[in-house]
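Trainee: what shape does this take:
(one chain, ligands or ions: 2)
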Amino acid sequence: MNDTICSIATTLGVGAISIIRVSGNEALKIVSKIFSKNLVDVSTHTIHYGYIKNKEEIIDEVLVSVMLKPKTYTMEDVVEINCHGGIETTNKVLELLLLNGCRLAEPGEFTKRAFLNGRIDLMQAEAVSDLINSKTDKARKIAINGLRGNGSNLIKKLREDLINIISNIEVNIDYPEYEDIYEVTIKDIKEKVLTLKNSLTKIINEYEDAKIIQDGILTAIVGRPNVGKSSLLNRLLNEEKAIVTNIEGTTRDIVEGEILIDGIKINIIDTAGIRKTDDVVESIGVKKSLDIINKATLTLLLLDNSKELTKDDLELLEMTKDRTSIVVINKDDLESKLDLTKLKNRNIIYINTLSNDGIESLKNEIKKLFNLEKLDTSDYNYITNVRQIAKIKECLVNIEDIEKGLQENTPLDMLEIDLKTIWDTLGSIIGESYDEELLDNLFSKFCVGK
Ligand SMILES: Nc1nc2c(ncn2[C@@H]2O[C@H](COP(=O)(O)OP(=O)(O)OP(=O)(O)O)[C@@H](O)[C@H]2O)c(=O)[nH]1
Ligand SMILES: [Mg+2]
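Mentor: Ligands and ions are numbered 1, 2, ... in the order given. Down below sits the predicted model:
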């Protein structure tokens with residue numbers, strides 16, 4: 001942490017401007033060695049015009065921002081060099097910084113320093129990564145709320161409530177002779193534990209919604225060959241993405257596309273038609289289609305209105321009956337030969353991909369299934385990080401132990417141990433405690449320069 005690090009903060013490519021970021025005790029000294037002006041005594045949060053030089057050679061005309069600690073991203077001295085965009089110039093400036101005493105930053109190292117120096121907690125650090133990786137406006141809203149500390153504050157509040165009861169129990173155990181100190185009752189603990197359980201359960205329940213906002217809904221279009229899967233994909237995407245022919249087995253590999261419904265990303269996968277086949281390539285495609293049914297959040301099982309149900313159709317109906325699915329009956333323009341008694345208790349939508357009929361109804365059904373309109377009015381204060389959610393689940397297991405203990409009249413000091421464990425686990429969510437391996441793993445997923 002004592003060395004001065006540098007990194008290209010913008011995408012390396014041809015562009016108007018590239019930013020090279022430097023952070024650490026020697027930042028001003030090192031940049032001064034390659035800049036036309038001495039920056040060592042300049043005021044904080046100032047911008048300086050000049051040249052980057054390699055001895056006498058002028059490398060680029062730049063603007064250099066100087067931000068002195070502690071009001072910086074890392075809470076260290078930070079210098080940012082705004083040079084002309086372009087791979088050669090940017091790399092040359094970086095190379096000069098390395099030659100003059102900087103070390104190349106590891107991925108996420110600037111944010112790691114912000115965390116280790118106490119500017120942000122671990123939840124906020126993880127939100128930085130989510131913000132960069134957010135793929136929809138709603139995912140961005142969740143991430144920026146996380147970065148602003150909304151999730152952290154919630155966890156801190158839960159810890160505060162816990163520590164109050166823990167300290168009360170401790171006082172009661174350590175000073176039983178003091179009669180004027182409030183004595184914690186089993187009823188008090190029961191109430192506190194129930195409130196905590198409700199708060200944590202709410203987070204877990206909302207996690208599913210939040211995942212949908214963040215990652216979208218993986219939607220597989222499956223069915224026999226020729227039922228019109230690729231035609232449906234093209235209709236939903238509003239482009240001729242997949243090849244459509246009247247030859248069975250036209251689609252042999254997956255074809256993917258993306259649409260937004262109420263701001264939620266629907267990742268649509270068109271698959272190879274499912275049938276028994278001796279064709280090697282097609283059979284690999286069929287296997288992929290079957291695998292995708294297991295991975296998908298939503299399955300659109302397509303049937304052909306003009307044909308009787310086949311053995312393959314019935315197998316697919318059976319395979320998808322307990323999954324979130326919609327049975328989409330295509331070719332509504334043709335006379336029906338389907339035996340509807342076999343489709344009892346299924347969610348059915350009729351469509352005709354030649355005319356676009358039913359496509360809106362299908363989208364509405366998706367909205368209804370996933371409650372997308374409700375998500376539209378959400379406050380975006382969700383916890384979406386898998387690590388954080390795993391910790392919350394750990395706390396719920398401890399709560400179950402406490403509840404059991406309360407029923408079995410376990411002594412207070414034993415219950416206190418479980419309460420402390422929950423307090424610690426909640427602490428590890430915001431990074432009150434951590435191990436190096438966790439930090440390395442977490443920040444290695446960040447971009448270089450962040
Ligand atoms: N009459 C009618 N024909 C349709 C409709 N939708 C698709 N078709 C026709 O059905 C045939 C098969 O369409 P595709 O979209 O290629 O079917 P698929 O399910 O992707 O087929 P595979 O890729 O072979 O599994 C084409 O000739 C389409 O023009 C529809 O709503 N009505
Ligand atoms: Mg197809």
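
Trainee: name the residue of the stretch 251-400 of the chain that lies nearest to ligand 1.
Mentor: Residue nearest to ligand 1 within the stretch 251-400 of the chain (C-beta to the nearest ligand atom): Gly273, separated by 2.5 Å. The C-beta positions use only the backbone N, C-alpha and C, and glycine is treated the same way.

Trainee: got a list of what that residue touches?
Mentor: 223-227, 229, 248-251, 286, 289 (C-beta atoms under 8 Å, 6 or more residues apart in numbering).

Trainee: and if we set it to 10 Å?
Mentor: 222-230, 248-252, 282, 285-286, 289, 302, 312 (C-beta atoms under 10 Å, 6 or more residues apart in numbering).

Trainee: so which of these would count as near ligand 2 as well?
Mentor: Filtering the contacts of Gly273 for proximity to ligand 2 (criterion: C-beta under 5 Å from the ion) leaves 229-230, 250-251.

Trainee: where do the domain boundaries of this structure fall?
Mentor: Domain ranges of the chain: 5-116, 150-212+385-431, 216-376, per automatic domain parsing.

Trainee: and those, which one's lowest on average pLDDT?
Mentor: Least confidently modelled of the domains of the chain is domain 150-212+385-431, at a mean of 90 by mean pLDDT.

Trainee: quick one: buried ones out of the contacts of Gly273?
Mentor: 222-230, 249-252, 282, 285-286, 289, 302, 312 (16 or more other C-beta atoms under 10 Å).

Trainee: quick one, strands of the stretch 301-450 of the chain?
Mentor: Counting by DSSP state E, counting those that start in this stretch, the stretch 301-450 of the chain has strands at residues 325-330, 348-350.

Trainee: mind putting these in JSON lines, mean neighbour count and distance to Lys156 included?
Mentor: Shown next, in JSON lines, are the strands of the stretch 301-450 of the chain (neighbours: other C-beta atoms under 10 Å; distance: least, C-beta to C-beta, whole Å):
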{"stretch": "strand 325-330", "mean neighbour count": "23", "distance to Lys156": "41"}
{"stretch": "strand 348-350", "mean neighbour count": "17", "distance to Lys156": "46"}
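
Trainee: export those strands to a markdown table and tack on distance to Lys374?
Mentor: A markdown table is the format used below for the strands of the stretch 301-450 of the chain (distance: least, C-beta to C-beta, whole Å):
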| stretch | distance to Lys374 |
| --- | --- |
| strand 325-330 | 19 |
| strand 348-350 | 21 |
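
Trainee: now for Leu154, how many residues are close by?
Mentor: As a burial measure, Leu154 scores 18 neighbours (other C-beta atoms under 10 Å).

Trainee: quick check: Ile165 touching Lys187?
Mentor: No - contact criterion C-beta atoms under 10 Å: Ile165 and Lys187 do not qualify, at 12.0 Å.

Trainee: out of the two, name the residue with the larger neighbour count.
Mentor: Set Ile165 next to Lys187 and count neighbours by other C-beta under 10 Å: Ile165 wins out with 20 against 9.

Trainee: and the stretch 351-450 of the chain, which residues reach ligand 2?
Mentor: Of all the residues in the stretch 351-450 of the chain, none lies near ligand 2, going by C-beta under 5 Å from the ion.

Trainee: max-length helix in this protein?
Mentor: helix 186-215 (DSSP state H).

Trainee: buried residues in that one?
Mentor: The neighbour-count check on helix 186-215 (16+ other C-beta under 10 Å) flags 189, 192-193, 196-197, 199-200, 203, 207, 209-215 as buried.

Trainee: output the contacting helices and strands for it.
Mentor: Packing partners of helix 186-215 (3 or more C-beta pairs under 10 Å, 6 or more residues apart in numbering; DSSP states H and E): helix 137-147, helix 150-174, strand 264-270, helix 372-376, helix 386-407, helix 412-430.

Trainee: in space, what's closest to Phe446 - neighbours in sequence excluded?
Mentor: The shortest distance from Phe446 to any non-neighbouring residue, by C-beta to C-beta, 6 or more residues apart in numbering, is to Gly108 (2.8 Å).
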